[in-house]
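> fold the stuff below for me.
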Amino acid sequence: MEDKVNEFETIDSEESMSLFIDRFRVISSNHRNEEGILETINKTIRKCNQLNDRKSLVKLYEMKMSQIEHQKEEHQNIVQIIQQMKDISKEINYMGGLALAYYKEWYIEKHKGNDKKSIEAINNSINYVTQYLNSENYEYNVCKYSFAVEIWLSKREPIAPSILEECANYFYKNNFYRSFVQSLSLLVLIYQQTQNKEKSIQLVRRIIQNKNVLHKMPLEIQAIIDYFIGVNHRLNLNINEAKHYFLKSQNNLRGKYKKSVYLGYFLRCQAHLTACYALQGELELALNQMKEVEELIEESVTTRNLDSFSKKQIEHDFNLIKFYIHSRLQNFQTEDLSELIQVILENIKKQHSDPIFFSEFILNTNFSEDQLERIKNLNNPSTKRVQHIITFLIEKITHSEEIQVVELIQALKNRTVEERMTFVEKAFADLLAAQEYYKLNRFAEIYPLLRKYENQLHRIEVLELRIFMEAFIQVGAFNNGDPLGPALQYMAIKKCREYGFSRLENKLLYYLFLQESSILKVSG
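Numbering: from 1, shown residues only. Next up is the predicted model:
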């Protein structure tokens, strides 16, 4: 990198300036916030003014903003730079410069939470791109990438993945590794959300297997790769693999995140790690991790540099995790968490909600029929994902006990997003159905429903759910003639005590008591 920076000394014309910028742009993109980068950009800006090279000046302004745009205290300065870019680009008829200026305006307005202005800006940017630029052009690809991000986040437009694939190929071919990785990482998330898991897995393999490219990347970019691979595993509830990659990402970002553009990745990584710990029964570790991140969120550097959308999403993730942890404890009372419940309710309208944590939240809050209907009617991707759980609870409230089981089971079977569901989510719903069968002494239907999980318990990495499934398979097996059922249930109860799942322990003891009572009746 030092050799390229030293090329600055040889600039003596617009031609040599243009060549330098083309080379240095790749370095500044891959090495955000590294010592010397911003200083070199500022020196080059001064040289541009001496040469009166106005087109290169616009390009340098875009490079400079990429180094400082995550710092809120720089936003007013950036607004002025954007206006300068627009004015110069219009004067010299540089359409690529106008596209860059509006793309940067999109980023800043989005960072501020001004959705209407940000959408207007990216639409202006893409209009210049489509009219005046070609696909082998830097301006074309960076603006198209931002446009794809916007239309996916705001509208889930199906064209977004193909745009991102096109941009990813350009970034890779031209050594913009950071942009390449971000494009592929977003594609991983999109393919997960659109049920295209095979493409998601292929992309992850493409990233991991390209050792030569990985070796060339700065540690921070490798950390982003590890983060998104972790997210891919987390979405599939492969928790051990997810934890492995999140820990790698966390280690590479820990020393740098406060002064860099990687703060959001670091905090999200911490949030996912907390979720992994909670789901695997490491409740105390999860609580400690959560406290650490809550402190980070309150620090001025976080408030100053993290965009409002990311901050709200991270806080929402933690609130759901916090509720999950508290709901596992023996002394859990919804009244004690009324303020937290209200905050979660307000945020499920706009924020993504993890399906397992969201399901547990709905199941453990004693909502009224009216409240459940309001949640269901939000009709966003997160509520659609758990619609069968919401319908199940509504049916439970509205039907009498004599007829409710049939309706409840049907509600759980009518999973409108069946293909998108993970193995664990399906196990979760089947376990709810099994408990309803038990209430009507329909034991013959429990074991056939759950036996498909008997040899695949290792795939259920949500520890409490696995223990519950293991125990309830034995409940069904015992009532279908297996004498070892109670002994195996005691083993599950022992695990509950080991991990502190007090409420599940009480629930399993209750089912064991019902079994013993029925045995006594028969023997009496």
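> please count neighbours and contacts with C-alpha atoms only from this point.
Fine.
> mind listing what residue 53 touches?
Taking C-alpha atoms under 8 Å, 6 or more residues apart in numbering as the criterion, residue 53 is in contact with residue 14.
> so which residue is dead centre in the protein?
For the chain, the residue sitting closest to the mean C-alpha position, by C-alpha atoms, centre = their mean, is residue 231 at 6.3 Å.
> wait, that residue touches residue 241, no?
No - at 9.8 Å, residue 231 does not count as touching residue 241 under the criterion of C-alpha atoms under 8 Å.
> just the element for the residue nearest to the centre of the chain, please.
Secondary structure from DSSP states H and E places residue 231 in helix 219-235.
> that helix: how far from the chain's middle?
Computed by C-alpha atoms, centre = their mean, to the nearest Å, the separation of helix 219-235 from the middle of its chain amounts to 11 Å.
> helix or strand right after that helix?
Remark: after helix 219-235, the chain's next helix or strand is helix 239-253, criterion DSSP H and E.
> which parts of that next one are buried?
239, 242, 243, 244, 245, 246, 247, 248, 249, 250, 252, 253 (16 or more other C-alpha atoms under 10 Å).
> and of these, the nearest to residue 56?
Closest approach between these and residue 56, by C-alpha to C-alpha: residue 253, at 32.9 Å.
> quick one: buried residues of the host helix or strand of residue 447?
Secondary structure from DSSP H and E places residue 447 in helix 446-450. Within helix 446-450, the residues scored as buried using 16+ other C-alpha under 10 Å are 446, 447, 449, 450.
> and it, how far from the chain's centre?
Going by C-alpha atoms, centre = their mean, the spacing between the C-alpha centre of helix 446-450 and its chain's C-alpha centre is 33 Å.
> how about the buried residues of helix 446-450 in a markdown table, adding pLDDT?
A markdown table is the format used below for these (pLDDT from 0 to 100):
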| residue | pLDDT |
| --- | --- |
| 446 | 81 |
| 447 | 80 |
| 449 | 85 |
| 450 | 88 |
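> for residue 347, which non-adjacent residue is spatially closest?
Counting by C-alpha to C-alpha, 6 or more residues apart in numbering, residue 347 lies nearest to residue 316, which is 6.6 Å off, once chain neighbours are set aside.
> please apply the same query to residue 365.
Using C-alpha to C-alpha, 6+ apart and skipping residues adjacent in sequence, the residue nearest residue 365 is residue 334, 6.0 Å away.
> quick one, grab the pLDDT at that neighbour.
On pLDDT, residue 334 comes in at 85.
> go ahead and confirm it touches residue 362.
No - taking C-alpha under 8 Å as the contact criterion, residue 334 and residue 362 are not neighbours in contact, 11.4 Å apart.
> do a quick rundown of the helices in the stretch 301-450 of the chain.
Across the stretch 301-450 of the chain, reading from the start of the chain, the helices by DSSP state H, counting those that start in this stretch fall at 308-327, 338-347, 355-363, 369-377, 381-385, 387-398, 401-413, 423-439, 446-450.
> hey, which helix or strand in this structure has the poorest pLDDT?
Confidence across the helices and strands of the chain bottoms out at helix 2-6, with a mean of 50, counting by mean pLDDT, DSSP states H and E.
> what bits of the stretch 201-350 of the chain have low per-residue confidence?
Across the stretch 201-350 of the chain, residues meeting the criterion (pLDDT under 70) sit at 201-216, 257-261, 300-309, 330.
> then stretch 75-84 to CSV, C-alphas only?
Output for stretch 75-84, consisting of C-alpha atoms alone and laid out as CSV, is shown next (Å, rounded to 0.1, in the frame of the first residue of the first chain):
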residue,chain,number,x,y,z
HIS,A,75,-22.4,14.8,8.3
GLN,A,76,-22.8,18.6,7.9
ASN,A,77,-19.4,18.7,6.2
ILE,A,78,-20.5,15.9,3.9
VAL,A,79,-23.7,17.6,2.9
GLN,A,80,-21.5,20.6,1.8
ILE,A,81,-19.2,18.3,-0.1
ILE,A,82,-22.1,16.6,-1.9
GLN,A,83,-23.4,20.0,-3.0
GLN,A,84,-19.9,20.8,-4.3
